[in-house]
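Q: Here you go, sequence then predicted model.
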Amino acid sequence: MKKQAIITILLLIFCGVMLCSCESSYTQQDDNTQIAITQQSYEPDISSKINSENKQTSPDDNRQASITQAYLEPEAPSKIDSENKQEVMKMGTIDLMQNISAETITPLDNEVLHAPEAIYKFTFDIFQNSFRDGENTMLSPISIISALAMTANGAKNDTLKQMEEVFGISIDELNFFLHNYIKNLPQESTNKLNIANSIWIKNDNKLVVKEDFLQKNAAYYDAGIFNADFDAQTLQDINQWIEDNTDGMIKDMLDAIPQEAIMYLINALSFKAEWQNTYFEHQVRDGVFTNSDGKKEDAKLMFSSEKSYLELENAQGFIKFYKDNEYALAAILPDEGIALKDYIKQLDPAALLDTIKNSHSVKVNAAIPKFESEYSVELNEILQNLGMTDAFDGEKADFTTLGLYGNGENNIYISRVLHKTFIALDEKGTEAGAATIVEMAKATSLRPPEEIKTVYLDRPFIYMIIDCENMLPLFIGAIETLE
């Protein structure tokens, strides 16, 4: 009989964006409040101070990059502190909005309270459509939806409507929820969480990016916004930014920059946490993990006693807490005889969320295998299957709220959505990282039981890393093999 199960991890990580400084020149724009990309000499190794009456540039024989930026309107939700000194990044890109803060965002009404349920549904829509039989799967839904939300801030009409339908929530509600959710995540010394967002704009005088689009993403997502030549150096810069903001866990994610690419919207996450009760040497023993093909694999199993039991239809599991009880690992083991792919297909996100929120206070004899897993996927087809079709269509996409290319002669659309994750779980705790890249291109044309429960994750299983206040999955994945 084929044994299968799932491991689900969702990890959300919050940190200040590692903003890079640069030289830029600010000029007042017309009523369309657009940001025009222009060419100007740039020296990446000098610091500059920019204010409304002064601009500095330095020559460089090899690189050309600059920005002309409109001043933000006084009533905008964020502002530029023109007196602050901006340090230039060595990576050779210009940070366009380093001094924008997000401290005056206007609250929404109580309608945003349904956001966690919408994100939970989005999580499992993506997970169920990403899973491939016989392969380990791991996603960070928060990373994916953050990068897509920044992109949606540039969409309108049917393109925006389809994106909102896939999200299950309006973009205004999603912006507000994610901003406050990430801002209020616990940041204890034993639980290191980082989240960073950035937007990379091609140095092309045909590309005009609207100020409101950049303003909104800086305000809600604290996004660093950079202007670069989209050459080999830019490829190195983007990959280095992702590596830096995932604590070295996600490397060389972007393989190449196509000629048609004009913008990248990127989210990066990293998570490191110690168990509330780390494992002693005698608790780690040699064992066997039976993969989805029925093959026996050598494993290091970590045995413990837990206190939160999960009981679902055709599955059981447990919750294991990290230090300070602010984050936890939720592990779900389908019953023997149920194929992993079949269990994932019938999994009800609402029922799972309710089960995690109402776990049984029961002693659980638990075993978790030590494992390390890496996963990457292009999400284009998955998102289109969920209904987000126009955004990927060079003719139908409407990202005119983002900006224009060639006075609108070349339409702007999403060419790729890339996602990559990493997790390492051992006796001390968990390290996990994720990154999502949205590439924009110009078109060429339960009651607790009395008995002790036993859940040994010695065959495929599902696990999630969740925040304990909202019970939202930060990472979700599936482990079918340890090899």
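A: Received, thanks.

Q: Tell me which residue is most central in this protein.
A: S143 (1.1 Å; Cα atoms, centre = their mean).

Q: Pull the distance from the helix or strand where that residue lies to the chain's centre.
A: Here S143, judged by DSSP states H and E, is contained in helix 141-152. How far helix 141-152 lies from its chain's middle: 6 Å, per Cα atoms, centre = their mean, to the nearest Å.

Q: Could you do stretch 129-148 as well?
A: When distances are taken as Cα atoms, centre = their mean, stretch 129-148 is centred 10 Å away from the chain's centroid.

Q: can I assume the residue nearest to the centre of the chain is in contact with S270?
A: No: using Cβ atoms under 8 Å, S143 makes no contact with S270, being 10.3 Å away. In short, each C-beta sits where N, CA and C put it, glycine included.

Q: Find residues that contact each of these two.
A: Among the neighbours of S143, those also in contact with S270 (Cβ atoms under 8 Å, 6 or more residues apart in numbering) are A434.

Q: how much space between the residue nearest to the centre of the chain and A223?
A: 14 Å (Cβ to Cβ, to the nearest Å).

Q: what ranges do the strands span in the stretch 351-483 of the chain?
A: 360-369, 371-378, 403-405, 412-425, 429-442, 453-456, 461-467, 473-479 (DSSP state E, counting those that start in this stretch).

Q: Could you check how far the residue nearest to the centre of the chain is from I466?
A: 15 Å.

Q: and what of A115?
A: Taking Cβ to Cβ, one finds A115 at 16 Å from I466.

Q: pLDDT at the closest residue to K216 other than its chain neighbours, what is it?
A: Ranked by Cβ to Cβ, 6 or more residues apart in numbering and with sequence neighbours excluded, the top spatial neighbour of K216 is N153, at 4.9 Å. On pLDDT, N153 comes in at 97.

Q: remind me which residues of this structure are low pLDDT?
A: Counting by pLDDT under 70, the chain contains low-confidence ranges at 1-113, 188-189, 445-450.

Q: how far does stretch 122-130 sit from the chain's center?
A: The gap between where stretch 122-130 is centred and where its chain is centred comes out at 14 Å by Cα atoms, centre = their mean.

Q: let's have the chain start at 338 instead
A: Okay, residue one is now 338; in that scheme the one you just asked about reads as stretch 459-467.

Q: Check what contacts that stretch and list those residues.
A: 345, 347, 474, 476, 478, 481-482, 503-505, 681-682, 684, 686, 689, 714, 716, 719, 722-723, 810, 813, 815.

Q: Mind naming the longest helix for this structure?
A: When the chain is parsed with DSSP state H, its longest helix is helix 452-467.

Q: what's the angle between that helix and helix 478-489?
A: 100 degrees (axes from the mean of the first three to the mean of the last three Cα atoms, to 10 degrees).

Q: Can I get helix 452-467 as CSV, trimmed to CA atoms?
A: The C-alpha coordinates for helix 452-467 follow below in CSV (Å, rounded to 0.1, in the frame of the first residue of the first chain):
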residue,chain,number,x,y,z
ALA,A,452,-8.6,38.8,5.7
PRO,A,453,-7.1,35.8,7.6
GLU,A,454,-9.8,33.5,6.1
ALA,A,455,-9.1,34.8,2.6
ILE,A,456,-5.4,34.3,3.0
TYR,A,457,-5.9,30.8,4.3
LYS,A,458,-8.0,29.9,1.3
PHE,A,459,-5.4,31.5,-1.0
THR,A,460,-2.7,29.4,0.8
PHE,A,461,-4.4,26.1,0.0
ASP,A,462,-5.4,27.1,-3.5
ILE,A,463,-1.8,27.7,-4.3
PHE,A,464,-0.6,24.6,-2.3
GLN,A,465,-3.1,22.2,-3.8
ASN,A,466,-2.3,23.4,-7.3
SER,A,467,1.5,23.3,-6.6
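
Q: Buried residues in the helix or strand just after it, which are they?
A: Once the chain leaves helix 452-467, the next helix or strand it forms, by DSSP H and E, is strand 474-476. Across strand 474-476, burial judged by 16 or more other Cβ atoms under 10 Å covers 474-476.

Q: cool, stretch 460-474 as well?
A: Per 16+ other Cβ under 10 Å, stretch 460-474 contains these buried residues: 460-464, 467-468, 473-474.

Q: Now do the longest strand anywhere in the chain and strand 708-715, the angle between them.
A: Ranked by residue count and defined by DSSP state E, the top strand of the chain is strand 633-649. Relative orientation of strand 633-649 and strand 708-715, computed by the same axes, to 10 degrees: 80 degrees.

Q: M500: what secondary structure?
A: Assigned by DSSP: H, G, I helix; E, B strand; the rest coil, the conformation of M500 is helix.

Q: residue contacts, the closest residue to it other than its chain neighbours?
A: Distances taken as Cβ to Cβ, 6+ apart place A489 nearest to M500, at 4.6 Å, with adjacent residues excluded. By Cβ under 8 Å, 6+ apart, the contact list for A489 reads 497, 500-501, 504, 508, 511.
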